[in-house]
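Q: Need a 3D model of the following:
(4 chains)
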Protein chains: 2
Amino acid sequence: MATARVSKSANGKAQAAPQALYQRIRADLEEKILSGRWPPGYRIPFEHELVESYNCSRMTVNKVLSGLAAAGIIERKRRVGSFVAKPLVQSAVLHIPDIQAEIAKRGEAYAYELLTRKRRKATKDDLERLGIDKSCDVLVLSCRHIAKGRPFALEERLINLDVVPPASEIDFTRVPPGTWLLGHVPWNEAEHRITASLADDVALKALTLKKPAACLVVERRTWRKNKIITSVRVTYPNDLYQLTARFTPTGLRS
Amino acid sequence: MATARVSKSANGKAQAAPQALYQRIRADLEEKILSGRWPPGYRIPFEHELVESYNCSRMTVNKVLSGLAAAGIIERKRRVGSFVAKPLVQSAVLHIPDIQAEIAKRGEAYAYELLTRKRRKATKDDLERLGIDKSCDVLVLSCRHIAKGRPFALEERLINLDVVPPASEIDFTRVPPGTWLLGHVPWNEAEHRITASLADDVALKALTLKKPAACLVVERRTWRKNKIITSVRVTYPNDLYQLTARFTPTGLRS
DNA sequence: GGACGTCGTATGTCTATACATAATCAGCGG
DNA sequence: CCGCTGATTATGTATAGACATACGACGTCC
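A: Predicted structure coming up:
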């Protein structure tokens, strides 16, 4: 066909969105999906049809469709077509900030306090938390984070010294273990469990709370190549902390 | 140069990972980054260098690098190069399942019960929850989810009837409002607040708990085109529910 | 010596083409 | 009528070449 396309070199794109072509196409398709004009299950036009309507090459629309598929917005089936994905998505991006950074961001005074630090051969319980069989050395830490002079979080942590030998050299009296680990140990995967609980005596004391007190508890295990680096349990007084999660189903889209 | 590359047509790819070339390249680069050989801040080889070492076209490595950049694993700067991103990522994918589906998946009996249903002009408090100024009609619902005969969650919901007029036609005595909304109303964005709290009298009664009881509370607001569709507060007994979030920093990677 | 302009380079985007792959569908033979 | 086979077709992957753009570096001019 070789008809006249807009001739990419013949414009400065003085339009509202002077973006790249494939970005405009993507925005266009997303809009159609989001507005409901293309409901879940709808078969979107074939690549060659989009090529015609946008007057561009198949590589370009392919890039758009691949991106939409990667973001879970559409599903593609060979020989059949591409379809708007079912709403399905029941997940959200959960922001779990560094405690120190979070408090600093609020402009509040931050203090950190190491309560206990023990090195020992892993107990049976430790091994279970770290998901391993054979025994190894672990570092057991307990510390407090303090904001505006009030205890903000109690952190109880187990570090697998087989995976992170250098941790045994750090005394963690000044640097919180989470901060040190984040900066020194690359990781693979993390899992969080978020629960509510009534503070036990240890937590009541560490957080200077009065019974009964509800606390938000975040337990996190962090992997590096199938081995758990560290297992941590952070307890927050319910009135001082909340998790927030924001989700936009349309993929990343800066 | 046009040297002999592996000649894509000359093989059946009987290797360990008979994947596409760009997937193998991506896996390769990810491995280098994850293993720490290419630490954060490291400048990865230029596109043309990767082209040489993998004996492929620039489009192919470009696709890989663009994907890594989109996933936040590397950062790219024109004229400068591509760099391994700082560990930064403090977020996780939080799976917030449909209550009914979740209980069904566990193979437990599920029951649903509508407690109250009121239609009214929005109060000042309602308007604030829905983030709007001018008054409108809202639907106020309260219901219970029951697993294995035991109250599992208390759901208190506000629906903006200006955004979802058809909701006023539904009586929600059989279908949970969350399930109905998910299936009928496309949405844009959602925000969650996760907190712990001591159950108040309403919650104690609805969930048949004894004082004092800690509960996990998930508040969610869901948008469609800058308008809040619904605002919901779900309260779970601490011993019956926990949120889990799993995170793999290496982007999606099916 | 400092402001400024030119050039080189790495990434960003797009095209035209090619072949591979998977799945559907029609047609054929048993 | 059923099942197999081959044609058709949409997507998947890859290539080479081209031009655009941003930005650092270097050199020039005043």
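Q: residue ranges of the helices in the stretch 151-254 of chain A, please?
A: All helices of the stretch 151-254 of chain A, identified by DSSP state H, counting those that start in this stretch, fall at A:177-184, A:201-206.
Q: Please tell me how far the longest one is from the chain's geometric centre.
A: Read that as helix A:177-184. On the basis of Cα atoms, centre = their mean, to the nearest Å, helix A:177-184 is displaced by 17 Å from the centre of the chain it belongs to.
Q: now do the last one
A: Using Cα atoms, centre = their mean, we find the averaged C-alpha position of helix A:201-206 to lie 29 Å away from the chain's own average C-alpha position.
Q: Residues of chain A that sit close to DNA strand D?
A: Within reach of DNA strand D by Cβ under 7 Å from any atom of the strand, chain A has these residues: A:8-9, A:12, A:46-48, A:58-59, A:62, A:65-66, A:69, A:76-82. Just so you know, the C-beta spots here come from the backbone N, C-alpha and C atoms, and that holds for glycine as well.
Q: ok, is stretch A:28-43 in contact with chain B or not?
A: Yes - using Cβ under 8 Å from any Cβ of the partner chain, a contact is recorded between stretch A:28-43 and chain B, made by A:34, A:35, A:36, A:39, A:40.
Q: okay but the last one is in contact with residue A:74, surely?
A: Read that as residue A:40. No - contact criterion Cβ atoms under 8 Å: residue A:40 and residue A:74 do not qualify, at 10.0 Å.
Q: The two: which is more packed in?
A: Here residue A:40 and residue A:74 are compared on neighbour count by other Cβ atoms under 10 Å in any protein chain shown; more neighbours surround residue A:74, at 25 against 16.
Q: got the contact list for the more buried one?
A: The contact partners of residue A:74, by Cβ atoms under 8 Å, 6 or more residues apart in numbering or on different chains, come to A:33, A:44, A:65, A:68, A:82, A:83, A:84, A:85.
Q: Residues in a beta bridge with the spatially closest residue to the second one that is not a sequence neighbour, which ones?
A: For residue A:44, ignoring the flanking residues on the chain, the nearest one in space by Cβ to Cβ, 6 or more residues apart in numbering or on different chains is residue A:82 at 5.1 Å. Residue A:82 forms beta bridges with residue A:44, residue A:76, as assigned by DSSP bridges.
Q: Let me know how buried residue A:82 is, in neighbour terms.
A: By other Cβ under 10 Å, 21 other residues sit near residue A:82.
Q: can you tell me how far it sits from residue A:149?
A: Distance check for residue A:82 against residue A:149: by Cβ to Cβ, to the nearest Å, it reads 57 Å.
Q: cool, and residue A:239?
A: With the distance defined as Cβ to Cβ, residue A:239 ends up 15 Å from residue A:149.
Q: Give me the more crowded residue out of these two.
A: The neighbour comparison of residue A:239 against residue A:149 (other Cβ under 10 Å) goes to residue A:239, with 13 against 9.
Q: And the pLDDT at the more buried one?
A: Reported pLDDT at residue A:239 in the predicted model: 81.
Q: Ok, residue A:15 next?
A: On the pLDDT scale, residue A:15 is placed at 35.
Q: now residue A:136
A: Confidence at residue A:136, expressed as pLDDT, is 94.
Q: Grab the nearest non-local neighbour of it.
A: Nearest-residue entry for residue A:136: residue A:162, 4.2 Å, with adjacent residues in sequence omitted and distances by Cβ to Cβ, 6+ apart.
Q: Contact partners for the closest residue in space to residue A:39 that isn't next to it in sequence?
A: Ranked by Cβ to Cβ, 6+ apart and with sequence neighbours excluded, the top spatial neighbour of residue A:39 is residue A:84, at 6.6 Å. Taking Cβ under 8 Å, 6+ apart, we find residue A:84 in contact with A:33, A:38, A:39, A:40, A:41, A:42, A:44, A:73, A:74.
Q: That concludes my questions; thank you for your assistance.
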